[in-house]
Every structure is written in C-alpha cells, then in structure tokens.
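1. Whatever this is, show me its structure:
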Amino acid sequence: MVKARQGTTTALRTVQRTAAGALAGTGLVGLLLFSFGREHVWQALGGGLVVAGASAVLGGALGFLFGVPRVRGGAGEPQGTYAPNTNLEQVSDWLTKVLLGVGLTQLGSLGERLHQLGAALAPALGGEDGAAPFAAALVLYFLVFGFLAGWLVTRLTLPQVLTNADDQALELFLAGQDRDRRGDKVGADDLRVRAMQHLGLLGGSAEQPAALAAQLPPSSSASAGPEGVVAEVRSTARRSALTADQVRDLFADGSEGRRIQALALMQGDPALADLPSVLEAIERPRSGFEQYHALLAARGLLSRLPAGEAQRLRDAVAGQLVLPDGIPYGSDRSWLAEKILSRLQVAAFLPQQSAAPAPAPVEAPPVENP
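-> Residues are numbered from 1 along each chain as shown. Presented below is the predicted three-dimensional model:
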C-alpha cells in the first residue's frame, strides 16, 4: 500500500514537471521564432527574455502570496496543522461582485490598456511591426504561467516544510521536558532554545569561528559540529576524572576551544564550575557561541550561589543586556540571560530560613527543707 502510494506520488510529480516544462518551453519557442524573424535578432531575443522573466517572477510572487498556508485554529480543526489558503477564493468572489457591479461595458478599456503595455515594451523587442501585440501576449503568458507555478509549488511544498519544522521543534521540546524531569536543567534549556530556533522565535548564538572545530576534542559522530561536541562533553562531565581546579586551568589555557570545553564540563557537573571563569566568558567572550555556553553554565549554578556571588552574576548578565555590543535582543543568549535574571530575582525575594530559637532553660523547682 505504501509502495503504491509512493509510486503514485512520483508519477504525479513527473507529470507536474513535464507540464511545467512544456508550458515554459512553448513560450520560449514562440519567443525564439519571433526573434529570428526580426531584423535585430539578438535585441529582440534579449529583450523578450527579460520581459518574460520579469513577468514570470511577478506572477510567481503573486502565486506565493495566494498559496501560503494558514495555521488551523478554528473550532473542530487540528491545532498546529496547516490548511490551504483561501485568499484566492475570497479575491475571486470579490472580483466577481465588482465585475457584476461595474458592468461588462467597462471591459472595453482592457484592450486599450494591453495595447499601451505592448507599445511601451515594443522597443525592447526591436520596435518593428507586430512587436507591440507580441509584447503584450508575452507578458500575459508568462504572468499567468508564473502565477500558476508559484501558487502550485507553494501550496504543495510549503505546508510540508512547515510541518517538518514544527515536528522537529516538538521533538526538541519533548526531549527538553524529559531532561528537565531528570534534573538536567542546563540540557533542558539548551534543547528548548534549539526548538525555538527551529520555529524562528529566536536568533542563533552568533558566529561559530571556523577554527573552533579543530580546537575541540574529537566527536564520536563524524557529522557532529561544535554543538554536538559540546553536548557530548557535557554528558560525560559527571564521569570525568577532572577536578574543579583542573577545569579552571583548562579554561585559563587561553584557546577558545579549551574555554568552551571547560564551560561544557561546568554545564554537565556544577561541582566543577568556577564562577570567575563563567563571568569572564559572559563579560569578555571570544565569540557569541562562547557567551551562549557561559550563560548555560551560569544557569546550572543558580541553586548553588550564595547571595554575594549571585549579585555578581546578576550584574554581569544585566550589564551585557544593556550594552550596545553586548547580548543582542531576540537571540538565544537574550532568552537565557532573561531567564537567569528572573530566577535570581525570585531567589532574592525568598525568605531566609531562620534558625529555630533555642528552648528556654527549665528551672528546677526549689527544694524544701524538712
């Protein structure tokens, strides 16, 4: 059943491509025949190609606007899925009412408008006899062709692309929820950020230096980039034999790869974290990628910081948010920074648990003399 459906889909796509090629080829063959009958062959051919291309692009843009799917949100509709856009139906209905209201007598000016268009484009096609009507016909042909092609391609492919992006984002969100339930707050927030990036809600963590991959330890996956390497280092942090002093020395090594590797270890095991190193990467990062992972490391430290160190972290993060060349608004770093500040703000207002008062000493009753 599945193979039969796949075969039908393949055959349908073949027919669609053949039909599109035949329509485009018909217009181009007509342009070639017209051009070779002109005195200035190359001028007519070049001008005709430009006119045809511009008309097709304009028609394709209009077709795209009419074909963009809408998100289902009405009663009885599956939430988060995409439905065909009904703009074309609405505009068609509106145009029908306008034509009936104005009357068919006004259609006589359509021919005059087309003649003016052809006369304006005729010099581009050589300017000889027959150039004006051919120019008008060329515009209409490729305008309609571009509209149909743009509308069909958008309606058939864009919903699938958007659905795939939503599915990937949903998988990342669910994986983040699973990490959160297991107590991995840092990994959970990292997956949530990536999910929001898939949906276009957040920008990326700026540039990843070209030499960074060579500075990081090798990954078990050949296709894993810097993000994959950092995730692997983070997952093995609790099994690492490194001490907090060694991780701090790794960060102080100076190379960006070592600094990010140290931050990944701090993310995976807060017991290895060093607040001055994290603050250094937040306030003076080598790249946006490093600053992002410094914020993730800071996220894992929130429940372990005393009041004085929490204030230092709050000042560093808030300072980067207000600096012109600091954390850009709407990026993954700004989302993490705002979340860190909100958690620190809540922690600042939590009542401190005071020690229970010592019980009052019980006085012994006086001893009476016999």
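2. Only C-alpha atoms from now on, for both contacts and neighbour counts.
-> Fine.
3. residue ranges for the strands of this protein, please.
-> For the chain, the strands defined by DSSP state E cover 70-71, 82-83.
4. What's the mean pLDDT across the first one?
-> When the per-residue pLDDT values of strand 70-71 are averaged, the result is 62.
5. repeat for stretch 118-133
-> 83.
6. and it, how far apart are its ends?
-> End-to-end distance for stretch 118-133, by CA to CA, to the nearest Å: 6 Å.
7. buried stuff in it?
-> G118, A119, L121, A122, P123, A124, L125, G126, G127, A131, A132, P133 (16 or more other CA atoms under 10 Å).
8. Name the nearest of these relative to R258.
-> Nearest to R258 among these: A124, at 62.2 Å, using CA to CA.
9. Can you tell me the closest non-neighbouring residue to the closest one?
-> Distances taken as CA to CA, 6 or more residues apart in numbering place G47 nearest to A124, at 4.9 Å, with adjacent residues excluded.
10. One more: M196?
-> L202 is the one closest to M196 (CA to CA, 6+ apart), at 5.8 Å.
11. Could you point out the longest helix of this protein?
-> Criterion DSSP state H: the longest helix present in the chain is helix 131-181.
12. Give me the helices and strands touching it, please.
-> Applying 3 or more CA pairs under 8 Å, 6 or more residues apart in numbering; DSSP states H and E, we find helix 131-181 packed against helix 2-36, helix 41-67, strand 82-83, helix 108-121, helix 185-198.
13. okay, these in CSV with distance to P306 next?
-> Listed next are the helices and strands packed on helix 131-181 as CSV, based on distance: least, CA to CA, whole Å:
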stretch, distance to P306
helix 2-36, 60
helix 41-67, 55
strand 82-83, 49
helix 108-121, 76
helix 185-198, 19
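14. can you tell me which of the ones you listed the model trusts least?
-> Within the helices and strands packed on helix 131-181, confidence is poorest for strand 82-83, with a mean of 56 (mean pLDDT).
15. can you pull the contacts of the residue nearest to M196?
-> For L202, the contact set (CA atoms under 8 Å, 6 or more residues apart in numbering) comprises V193, M196, G330, S331, D332.
16. how much space between L158 and V15?
-> 19 Å.
17. Compare the two and say which is more crowded by neighbours.
-> L158 (17 against 12; other CA atoms under 10 Å).
18. I'd say that one and V68 touch.
-> Yes: L158 is within contact range of V68, at 7.2 Å (criterion: CA atoms under 8 Å).
19. gap between stretch 298-318 and the chain center?
-> In terms of CA atoms, centre = their mean, to the nearest Å, the centre of stretch 298-318 is found 30 Å from the chain centre.
20. Please export the C-alpha coordinates of that stretch as CSV.
-> Output of stretch 298-318 as CSV, limited to C-alpha atoms (Å, rounded to 0.1, in the frame of the first residue of the first chain):
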residue,chain,number,x,y,z
ALA,A,298,25.6,30.0,34.8
ARG,A,299,22.1,28.6,34.5
GLY,A,300,23.3,25.4,36.2
LEU,A,301,24.9,27.4,39.1
LEU,A,302,21.8,29.3,40.2
SER,A,303,20.8,27.0,43.0
ARG,A,304,24.4,26.8,44.4
LEU,A,305,25.4,30.5,44.6
PRO,A,306,25.4,32.5,47.9
ALA,A,307,23.9,35.9,47.9
GLY,A,308,27.2,37.8,47.1
GLU,A,309,28.1,35.7,44.1
ALA,A,310,24.5,35.7,42.9
GLN,A,311,24.7,39.5,42.8
ARG,A,312,27.9,39.4,40.8
LEU,A,313,26.3,37.1,38.3
ARG,A,314,23.2,39.4,38.1
ASP,A,315,25.3,42.4,37.5
ALA,A,316,27.3,40.7,34.8
VAL,A,317,24.3,39.4,32.9
ALA,A,318,22.3,42.6,33.2
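21. Show me what counts as buried in that stretch.
-> A298, R299, G300, L301, L302, A310, L313, R314, A316, V317, A318.
22. now stretch 174-185
-> L174, A175, G176, Q177, R179, D184, K185.
23. okay, these in JSON lines with distance to E290 next?
-> Putting the buried residues of stretch 174-185 into JSON lines (distance: CA to CA, whole Å) gives the following:
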{"residue": "L174", "distance to E290": "26"}
{"residue": "A175", "distance to E290": "23"}
{"residue": "G176", "distance to E290": "21"}
{"residue": "Q177", "distance to E290": "25"}
{"residue": "R179", "distance to E290": "22"}
{"residue": "D184", "distance to E290": "20"}
{"residue": "K185", "distance to E290": "19"}
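24. from the residues you listed, which is closest to L162?
-> L162 has its nearest neighbour among the buried residues of stretch 174-185 in L174, at 18.4 Å by CA to CA.
25. For A165, see how far away the closest one is.
-> In this view, L174 and A165 are 14 Å apart by CA to CA.
26. go on, R38?
-> Taken as CA to CA, the span from R38 to A165 is 51 Å.
27. what about the two, which has more around it?
-> Using other CA under 10 Å as the criterion, R38 and A165 rank with R38 on top: 19 against 16.
28. pretty sure that one contacts G126?
-> Yes: contact criterion CA under 8 Å: R38 and G126 qualify, at 7.1 Å.
29. Which residues are in contact with each of those two?
-> Shared contacts of R38 and G126, counting by CA under 8 Å, 6+ apart, come down to A44.
30. returning to that earlier point: run a quick neighbour tally on the residue nearest to A124.
-> Neighbourhood size, G47 [other CA under 10 Å]: 19.
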